[in-house]
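Trainee: Quick one: sequence and predicted model below, then my questions.
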Amino acid sequence: RGAPAARMPSMVTLTPVYREDVSYSGEDLRQAVDGENVSMLRFIISMMPTEWSAMLQRAKLTLPHQNFESLLDELHNGIVGTRSAGGAMPRRRHTDEDARLLREICTWASSRSQTLMRTVRGIASYADATRVLARLEGVPEADIEPLVAAKFNHVVCAQAYGTDGMEDKDDQVNKLLQQYPHLSIVTAQYEEDEEGEELGNVTRRSKGPRGTYHLMHRRATFDRQGSPTGIAAVHRIRLPGHPIIGEGKPE
């Protein structure tokens, strides 16, 4: 007989990330694949049509003519309904249902591509399995989440987090942090000691006067009801020098 969940070894998974895709937006899925005359969404659907049909059934969507690009346009722009006699498509405001459908389609496509979201969702299955084992063993419900937190953690080492031009991907990473409580992110930052001004993530080897490098460990914060309230720094570690070695890749 195996050991109980309380005695299982703890596991911390480290995932290095540079500028890879975090998740796909509706705009990303509408764009054509490189070298192909099809949108990214249509390309992903062609690879796994059965899973797409199951997603449509789960989301209660019907596409008579399989016009995926038109569906994304309608959801993205808030255009719904049928054409009037004049041929114009009526327009209304973006509804909560539109946002839900667009979010579900983007999540489905991102989880079946080479994205950070797919990695995070896959590794989070270890936490789900730990919850199932704890419940099967009769662990009190109030003790399950502390047990999972003690046995499982996922750390994303994001080298380019916080740099210029990465704002959209930073927002996507923050959403993942709020969605998965056992996910955290580590970034390297350069700070000038003299004025205390944070200069952000620096990938060059320049050194200002009395400047130091730090590792910033961030994770989402939650209220008593379990709703996310923001992203906070939980650890700040001073480094002896520049952390980037070699060619600047995420070593």
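Mentor: Sure, I can see it.

Trainee: Would you map the strands across the stretch 1-150 of the chain?
Mentor: For the stretch 1-150 of the chain, strands defined by DSSP state E, counting those that start in this stretch occupy the ranges 11-17.

Trainee: low-scoring stretches of it, by residue?
Mentor: The stretch 1-150 of the chain contains residues with pLDDT under 70 at 62-67, 69, 75-95.

Trainee: how is the protein carved up into domains?
Mentor: As assigned by automatic domain parsing, the chain contains the domains 5-17+115-239, 26-110.

Trainee: Format the ones you listed as CSV; extra columns: distance to I245 and mean neighbour count.
Mentor: Yep, even glycine has a C-beta here, placed from its N, CA and C like the rest. Below are these laid out as CSV (distance: least, CB to CB, whole Å; neighbours: other CB atoms under 10 Å):
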stretch, distance to I245, mean neighbour count
domain 5-17+115-239, 10, 15
domain 26-110, 31, 14
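
Trainee: same for the lengthiest helix in the chain, what does it pack against?
Mentor: Across the chain, the longest stretch assigned as helix under DSSP state H is helix 116-136. Packing partners of helix 116-136 (3 or more CB pairs under 8 Å, 6 or more residues apart in numbering; DSSP states H and E): strand 11-17, helix 96-110, helix 141-151, strand 152-158, helix 167-179.

Trainee: try it again with 7 Å
Mentor: Judged by 3 or more CB pairs under 7 Å, 6 or more residues apart in numbering; DSSP states H and E, the packing partners of helix 116-136 are strand 11-17, helix 141-151, strand 152-158.

Trainee: Direction-wise, compare the first one with helix 116-136 and give the angle.
Mentor: Translated: strand 11-17. 170 degrees (axes from the mean of the first three to the mean of the last three CA atoms, to 10 degrees).

Trainee: Strand 11-17 pairs with which strands, and in what direction?
Mentor: Within its sheet, strand 11-17 is paired with strand 152-158 (parallel), according to DSSP bridges.

Trainee: Okay, angle between the partner strand and helix 167-179 too, please.
Mentor: Interaxial angle, strand 152-158 versus helix 167-179 (the same axes, to 10 degrees): 170 degrees.

Trainee: CA atoms of strand 152-158 as PDB?
Mentor: The C-alpha coordinates for strand 152-158 follow below in PDB (Å, rounded to 0.1, in the frame of the first residue of the first chain):
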ATOM      1  CA  PHE A 152       3.200  21.300  -4.900                       C
ATOM      2  CA  ASN A 153       4.600  24.600  -6.300                       C
ATOM      3  CA  HIS A 154       5.200  25.800  -9.800                       C
ATOM      4  CA  VAL A 155       7.700  28.600 -10.400                       C
ATOM      5  CA  VAL A 156       8.000  30.400 -13.700                       C
ATOM      6  CA  CYS A 157      11.400  32.100 -14.300                       C
ATOM      7  CA  ALA A 158      10.400  34.900 -16.600                       C
END
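
Trainee: I'd like the helices and strands packed on helix 116-136 as TSV, with distance to I237 appended.
Mentor: Output for those, formatted as TSV (distance: least, CB to CB, whole Å):
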stretch	distance to I237
strand 11-17	15
helix 141-151	21
strand 152-158	13
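
Trainee: Fine by me, thanks again.
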